[in-house]
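K.L.:
Need the 3D shape of this:
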Amino acid sequence: MTRDNFSSLFDLLPIGAYRTSPEGKQLRANQALVRLNGYATEAEMLSAVSDLDSEWYVSPQRREEFRRTMDTQGFVSNFVSEVYRHKTRERIWIREHAHVVVDAEAGTRYYEGTVEDITAQRQAQLALGASERRFRALTEKAQVITLLCDQDLRIRYASAATRSILGREPDSMLDAHAFDFVHPADSAASQAEFVHVISNTNSGTETVLRVLHANGSWRYLATLANNRLDDEAVRGVVFNLRDVTDSHLAQERLRTMANVDSLTGLRNRAAFEAALRNVIASGDERVAIHFIDLDRFKLINDSLGHAVGDHVLRAIARRLRNAAPGGAVVARMGGDEFAVLERIGERSRDAIEATARELLRVLAEPIEVDGIRFQISASIGVSLFPEHGGDFETLLKNADLAMFRAKSEQRDAFRIFEPPLAAAAETRITLMAELRSAIEARQFEVFYQPQVALDSGALLGVEALVRWRHPERGLIEPAAFISDAEELGLIGRIGFQVAEQALAQLSHWLAKYGRPLVMALNISAYQLRDPDFVREMRALLARHPGVAQQLELEITETALVHSIEGTPEALRLLSQSGVRVVLDDLGVAYSALSHLKHFQVHGIKLDRGFVGALPDSRVDSAIARSIIALADSLNLRLVAEGIEHEDQREYLLARGCREGQGYLFGRPMCAADMEVMIAAMAAKSAVTSAPATVDGVTTTTAVAP
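P.N.:
Numbering: from 1, shown residues only. Modelled structure (predicted):
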């Protein structure tokens, strides 16, 4: 056969080329194929290869498929097989293109084709497949969403975690824009971050953003992006998103708790301080600080328990929130202390006072818990920025000083800070430091105020009031030191000194004037809680024979409730000596009439708070009539206190009240002056008509005003 054009092309091809018989005998091989099989020349290869079917293909089945295809179709294209490099028996991968050739002249039939070594490509594909499998193994079960986005932020891949975290099938997210799922409020910042990612100027830190769940809720996802656009194997931006919803919400709750009082839902002290400091820092706004302290709230917690106290505090918080001016910051500062930060601008002092009055009004409305009706009052101190201070500590201190002045003067009132209050605070601190030495030096003295028959003016008794005769400051009223003595735990010792003086004075009067006199000692809640109180009182009574039968213990209703746990037993033991009980301030604190029965009360006092507005006040008139009727029906001794005007005396007498005390009949006086009055009355026999229930002169000893 003559040489044809095939021969020249055959030898020049850069890839392997061959001609074989259909049975597998190698007829021709070009240089590229010779080298592919590890030989030097075509002749060497042709002599070495006898049967391609059995010597070349790793899988005989692959050779059979090759032949079937050639027989049926006359050609193969891109036929990939694993074969042996014939001489070295090394496995390689090839791609074949072949067709059937028929030589009509010679009547022969053979195969011609090309062979390309694709081993490197095949290994790269296998490595890529393995890499993809590893990638999917790492991402498909991970609780982190992996997204692959192109430069336009179109999603090209989404891992299976989208199903558990966002409730979305991965395929449903493909081709969507990544920011289609981001909360609008977070989108701008997130897109700005993406610009930094594209330019490789991002910080490499996570960004928390809200991503839409399939159910319509928002999940907080911590997102980290990695620009791999230049990586041939990736060609995109990889996003890793982990679900931090629970931890984010927990942190939000912690931040809220850091600024909100857990009991009332109001701002707490830290949040109030931050708000006031912000105002001070801005320096361009006037504000008023209303510092609020509930009056006698501790009695509720101690007597009825913290559950009831908490109920009351929540009610107070709701009232303050509703009554505070718009834009005001309302906070619970701790315990029973609250504060309102009011923006006042150019408002006048009258407007500021109006706010304080409104707060007092809503706080004074009754609160009912478990069938008990509470009449809560409060004291408010007001300081102004910038008039009363330029920092948080000074403003709060001055508001507290003003509150203390309101509480010490009358309670249920407010005061606006004035510079003299600071000096008064220094005085108070000094007095507190001197109280202990005053007890040791026995500087406390008893004064007496007469109690009289309202019809005749006859002297029926006296109320003894404690005074502190200070060696430098002179006579100090109890309002200036009693609350401090209670706070320091000294009230019991002061009260016992008062009782010693009063009982000794009573014993003197009994011996000197030869007629029975009754004494009522005002006992504080702190004394009732003292386990040594009964022992000390009984020892004191033993030193003054005959006095116990004339003794009345005047106890406030609040004191009974405050010390209710041990009070019945204490009073029972004292009653064995003939001591009687008089209930003070009935109706002022709790209106629990069961106390009259529970403590076997022998008498009651009509509080000065219900007397001062008589006879003009309809409310006080109704209360006074009710208490007078109650005392009469229970056969209890009744004394009205705080009578200062003749029309008050006439009103009470006309309604059945027979005894009273107040400035109308005499101010508190020392024991010597009181004895002059007793002697004068005795000389005139003015006290011989004393009511049987009293059985003589009443002497009341008090350690509080």
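K.L.:
where does the stretch 51-200 of the chain have low pLDDT?
P.N.:
52-54, 106-108, 128-142 (pLDDT under 70).
K.L.:
mind running it again at 80?
P.N.:
51-55, 103-108, 124-143, 189-194, 199-200 (pLDDT under 80).
K.L.:
would you list every one of the helices in it?
P.N.:
52-55, 60-73, 119-140, 161-166, 170-173, 184-198 (DSSP state H, counting those that start in this stretch).
K.L.:
Quick check: buried residues in the fifth one?
P.N.:
I take that to be helix 170-173. Within helix 170-173, the residues that count as buried by 16 or more other C-beta atoms under 10 Å are Pro170, Met173. Where you see a C-beta, it was placed from the backbone N, CA and C, and this is true even at glycine.
K.L.:
Longest strand of this protein, counting residues only.
P.N.:
Ordering each strand of the chain by length in residues (DSSP state E) puts strand 90-103 first.
K.L.:
What's the local residue count around Ser81?
P.N.:
18 (other C-beta atoms under 10 Å).
K.L.:
next one: Glu569
P.N.:
10.
K.L.:
by contact count, what packs against the host helix or strand of it?
P.N.:
According to DSSP states H and E, Glu569 maps onto helix 567-575. Judged by 3 or more C-beta pairs under 8 Å, 6 or more residues apart in numbering; DSSP states H and E, helix 567-575 is in contact with helix 533-543.
K.L.:
For Arg473, see how far away the closest residue to Ile439 other than its chain neighbours is.
P.N.:
Nearest residue to Ile439 in three dimensions, chain neighbours excluded: Arg493, at 5.2 Å (C-beta to C-beta, 6 or more residues apart in numbering). Distance of Arg493 to Arg473, computed by C-beta to C-beta, to the nearest Å: 20 Å.
K.L.:
So which of the two has more stuff around it?
P.N.:
Arg493 (17 against 13).
K.L.:
What does the pLDDT read for the more buried one?
P.N.:
Looking at Arg493, its pLDDT is 89.
K.L.:
Can you tell me what sits against the longest strand of the chain?
P.N.:
16, 19, 22, 36, 38, 58, 66, 70-71, 74-85, 108-119, 121-122 (C-beta atoms under 8 Å, 6 or more residues apart in numbering).
K.L.:
and if we set it to 6 Å?
P.N.:
70, 74-80, 82-83, 85, 109-119, 122 (C-beta atoms under 6 Å, 6 or more residues apart in numbering).
K.L.:
Okay, and which of those residues map to strands?
P.N.:
Using DSSP E, those in strands are 75-80, 82-83, 85, 109-117.
K.L.:
Can you say which of the residues you listed are buried?
P.N.:
Val76, Phe79, Val83, Arg85, Tyr110, Tyr111, Glu112, Gly113, Thr114, Val115, Glu116, Asp117.
K.L.:
now these as TSV including distance to His183?
P.N.:
Rendered in TSV, the data for those read as follows (distance: C-beta to C-beta, whole Å):
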residue	distance to His183
Val76	57
Phe79	55
Val83	59
Arg85	61
Tyr110	71
Tyr111	66
Glu112	66
Gly113	62
Thr114	59
Val115	59
Glu116	54
Asp117	55
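K.L.:
any idea which of the residues you listed is closest to Arg269?
P.N.:
Of all these, Arg269 sits closest to Asp117, with 81.0 Å by C-beta to C-beta.
K.L.:
ok, that closest one - contacts?
P.N.:
Contacts of Asp117 (C-beta under 6 Å, 6+ apart): Leu36, Ile92.
K.L.:
one step back: okay, now the sheet partners of the longest strand of the chain, with direction.
P.N.:
strand 75-85 (antiparallel), strand 108-117 (antiparallel) (DSSP bridges).
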